[in-house]
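Participant: let me see the structure of the following:
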Amino acid sequence: MPELPEVETTRAGLEPHLIGHRIAQIESRVAKLRQAVDKQALQQLIARQFTAIRRRGKYLIIDSDKADTSLLIHLGMSGSLRIVPLTAPRKTHDHILITLDNTQQLRFHDPRRFGSFAVIDPRQTPPQLARLGPEPLSQDFTGDYFYQSSRKRRSAVKTHLMNQETVVGVGNIYASEALFLARIHPNRPANSISPSEAERLVQQVKAELQRAIALGGTTLRDFVQPDGTNGYFQQSLNVYGRAGEACPNCAAVIEKQSIGQRNSFFCPHCQR
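Facilitator: Numbers count the residues shown, from 1 in each chain. You can find the predicted model right below:
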């Protein structure tokens, strides 16, 4: 699944191609993604100009020059957004095509159809965003905040870190990597961490996300950037996807365990 760095990479990649351009045509080739596609609502965007593109967690919000009309997009498990020439061949799973006034197209590609593409009124918080926690790269996400939020949580610290009401956008890959670098076992009860461990973990979350954004996101099978190229952060992962390999710190064997129905990777020697 595209995680926060992939979504931020997409936002930054799309921005110079969208802002200031008007929508000439919108074509929806499916009736349903994660939810039904409201084709009539999408037509409200025709002749509107894109004015800004924002990210909230793993959602993209593309604003128009009509105050009550924006796009809310989630890439789901396998979605991507690409800017291509109008004449570029269409792929099988190019489900929504937005033609701009410069004959370029924004194409939403989603083989598994777990993404979402909806028109919202940005003056009102949509239900999808109503209960999201602070952004991990914001000043609101601090060691003290995470420590206080975990005091009554007996669930695994990794589960608590990935809870979107705790902090938004920290997915499986970056949670695994940050916990490794913070030397915290992912299955420890969240309420067992100390203030210093919470501070260490928060700093590693921020560092890993910033590093991944700078490198263009994590290379997964389905993720591509707006220009069609892959990210390449995966080459520098320490534990994620490396079960059975040697820990880069101590040479112990990296283990895999299901935590909160997600595969978790950790070093049994370094992480306590």
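Participant: break this structure down into its structural domains.
Facilitator: Listed by the TED database, the domain ranges of the chain are 4-120, 143-266.
Participant: the helices in the stretch 1-150 of the chain, which residues?
Facilitator: Per DSSP state H, counting those that start in this stretch, the stretch 1-150 of the chain carries helices over the ranges 4-18, 39-42, 143-149.
Participant: okay if I get the ones you listed as TSV plus mean neighbour count, mean pLDDT and distance to residue 251?
Facilitator: All C-beta spots, glycine's among them, are computed from the backbone N, C-alpha and C. Listed next are these as TSV, based on neighbours: other C-beta atoms under 10 Å; pLDDT from 0 to 100; distance: least, C-beta to C-beta, whole Å:
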stretch	mean neighbour count	mean pLDDT	distance to residue 251
helix 4-18	21	92	29
helix 39-42	13	96	54
helix 143-149	17	98	30
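Participant: the ones you listed: which one's closest to residue 101?
Facilitator: helix 4-18 (11.0 Å; C-beta to C-beta).
Participant: next one: that closest one to chain centre, how far?
Facilitator: In terms of C-alpha atoms, centre = their mean, to the nearest Å, the centre of helix 4-18 is found 11 Å from the chain centre.
Participant: could you do stretch 100-113 as well?
Facilitator: The answer for stretch 100-113 is 19 Å, by C-alpha atoms, centre = their mean.
Participant: check stretch 146-164 too.
Facilitator: Worked out by C-alpha atoms, centre = their mean, stretch 146-164 lies 19 Å from the chain centre.
Participant: give me the residues contacting the longest helix seen in the chain.
Facilitator: The longest helix of the chain (DSSP state H) is helix 195-215. Helix 195-215 is touched from outside by 3-5, 8-9, 136-137, 141-147, 150, 157, 161, 167, 169-170, 174-175, 177-179, 181-184, 193, 218, 231-233, 236, with contacts defined as C-beta atoms under 8 Å, 6 or more residues apart in numbering.
Participant: check stretch 23-40 too.
Facilitator: Stretch 23-40 is contacted from outside by 42-43, 45-50, 64, 74, 76, 94-101, 110, 113-119, using C-beta under 8 Å, 6+ apart.
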